[in-house]
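> Could you work out the structure for the sequence below:
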Amino acid sequence: MIAFNPMRPAVAAAPRTSTACIAAAIVAGLIALGAPSPAEARSEAAFSFHLMQVEQAIGGVNGDVTAQAVQLRTRAGFQNFIQGTKIIAYDAAGLNPVTLITFPSNISNSQQGARILVASPAFIANSSPNAQPDFLMTNLIPPSYLAAGRITFEDSFGGILWSLAYGGSNYTGPTTGGFDNDLDGEFGPPFAGPLPSTSTAALHFKGLSGDLSRSNDIDYRVTPAPAVFFNSTGGRYAAGDGSVFGFEVTGRCPGAVVLVWSGATPGRQVALIFSSSLGNVIIPQGNPCAGTRLGLGPQNIPLVQTLGAGPNGINTVNGNTNSGACRGHLQLLDLDTCRTSNTDQIP
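Next up, the predicted model:
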């Protein structure tokens, strides 16, 4: 396992305080590269499809409500036998089901954490690079379902294996499902807001691939940057035209986290910078991108590591956080253009 190594700070160091030891601990091991720690997953459904999350969903891109995508993620290995299972959308009352897809075949990727991307043709045209979904949507989520509704992953007999309800109190339908992915079978309360459709953000599960559902209102959030979707072979696609340099952290702290970004300069380097607070510190002279204003505060602000931006400016890194990093903030700096990403808080 390769660790992020201590490097020369990207900004002027703050005066040493009683919290300096936290910064030292963060530099020494804020994030260790490698696969996340194995999460709990039940094994009785081996060689099946039961252990599955609705990881991400988008109802439209920049107002085009025909540009839709739903991404599943397997919670354990050998859950790739999805032929005959379905993704279904329901209205605000949990009625009038619309089958987005009945899967016509399985996928070949049998590893835990494998993604399954289902998208509309318009989403392909509104993603960068143009997405290569595993399957095309047979039907779209009706526009009237975007303010409040429910998306489910169901077996061929109508058993609900994962439920994502949204719209807060405007959704009045059921939020229950089976026990394979939620210990009490209750996936609600719903996420408070609508299914995103007016920007490049998506509704995204905040946990790791092995995690069970707790409730939609705490498990999901709107991505703070353009959503990055994955297909089963590892392809990565950002919603929108790829011009926005965006960044997201998911997972748990202390423990495993996943960093995902898009919009960086393809094939170049980005710097990952930590701070215990938000602010507007300016990178001083003698450092790369001197004069660039960050969205981070000056205290405990080490440069954690430089990373490859990815061939399309999209990349993802798995890592591990220690307790000194929890609730801190991260930001990326494009070392080619000196553009900065949004900041995001370590969960």
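> Could you report the neighbour count for the closest residue to Glu55 other than its chain neighbours?
For Glu55, ignoring the flanking residues on the chain, the nearest one in space by CB to CB, 6 or more residues apart in numbering is Arg73 at 4.0 Å. Every C-beta, even on glycine, is put in place using the N, C-alpha and C of the backbone. For Arg73, the tally of surrounding residues (other CB atoms under 10 Å) stands at 24.
> same thing with Val98?
16.
> give me the element the residue nearest to the spatial centre of the chain is part of.
By CA atoms, centre = their mean, the chain has its centre lying nearest to His204, at 5.3 Å. Assessed by DSSP states H and E, His204 sits inside strand 203-205.
> which helices and strands sit right next to the helix or strand that comes right after that strand?
Using DSSP H and E, the helix or strand that follows strand 203-205 in sequence is helix 216-219. Here helix 216-219 touches strand 160-166, going by 3 or more CB pairs under 8 Å, 6 or more residues apart in numbering; DSSP states H and E.
> Identify the residues contacting the strand it packs on?
Here strand 160-166 makes contact (CB atoms under 8 Å, 6 or more residues apart in numbering) with 49-50, 52-54, 57, 85, 94, 148-155, 171, 173, 175-178, 180-182, 187-195, 203, 213, 216, 220.
> circling back to that earlier point, SS state for the residue nearest to Glu55?
What DSSP: H, G, I helix; E, B strand; the rest coil gives for Arg73 is strand.
> That one against Gln112, yeah?
No - look at Arg73 against Gln112 with CB atoms under 8 Å: they stay out of range, at 9.0 Å.
> coming back round to it: give me the beta-bridge partners of the residue nearest to the centre of the chain?
Taking DSSP bridges, one obtains Gln56, Arg221 as the residues bridged to His204.
> where's it relative to Thr152, distance?
Distance, His204 to Thr152, using CB to CB, to the nearest Å: 17 Å.
> Okay, domains of this structure per the record?
20-30+254-345, 52-220 (automatic domain parsing).
> average pLDDT for the last one?
Read it as domain 52-220. For domain 52-220, mean pLDDT is 98.
> Just the endpoints, please. Distance across that domain?
Using CA to CA, to the nearest Å, the end-to-end distance of domain 52-220 comes to 15 Å.
> The stretch 101-250 of the chain: helices as residue ranges?
Assigned helices in the stretch 101-250 of the chain, in chain order: 121-125, 216-219 (criterion: DSSP state H, counting those that start in this stretch).
> Out of those, flag the one nearest Asn312.
Each of the helices of the stretch 101-250 of the chain has some distance to Asn312 by CB to CB; the shortest is helix 121-125, at 14.9 Å.
> got the buried residues for the closest one?
By 16 or more other CB atoms under 10 Å, the buried positions in helix 121-125 come out as 122-124.
> For Gln331, state which of those is nearest.
Nearest member of the buried residues of helix 121-125 to Gln331, counting by CB to CB, is Phe123, at 28.2 Å.
> For Asn322, see how far away the closest one is.
For Phe123, the distance to Asn322 - CB to CB - is 38 Å.
> Using CSV, lay out the buried residues of helix 121-125 together with distance to Gly263.
Listed next are the buried residues of helix 121-125 as CSV, based on distance: CB to CB, whole Å:
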residue, distance to Gly263
Ala122, 21
Phe123, 18
Ile124, 18
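> If we only consider the residues you listed, which is nearest to Cys326?
Phe123 (34.9 Å).
> dump the residue contacts of Ile314.
Ile314 makes contacts with 228, 236-238, 260-264, as judged by CB under 8 Å, 6+ apart.
> rerun at 7 Å
Contacts for Ile314 (CB atoms under 7 Å, 6 or more residues apart in numbering) come out as 228, 236, 238, 261-262.
> can you tell me which of those are in strands?
228, 236, 238, 261-262 (DSSP state E).
> pLDDT averaged over stretch 306-320 - what is it?
The average of the pLDDT scores along stretch 306-320 is 96.
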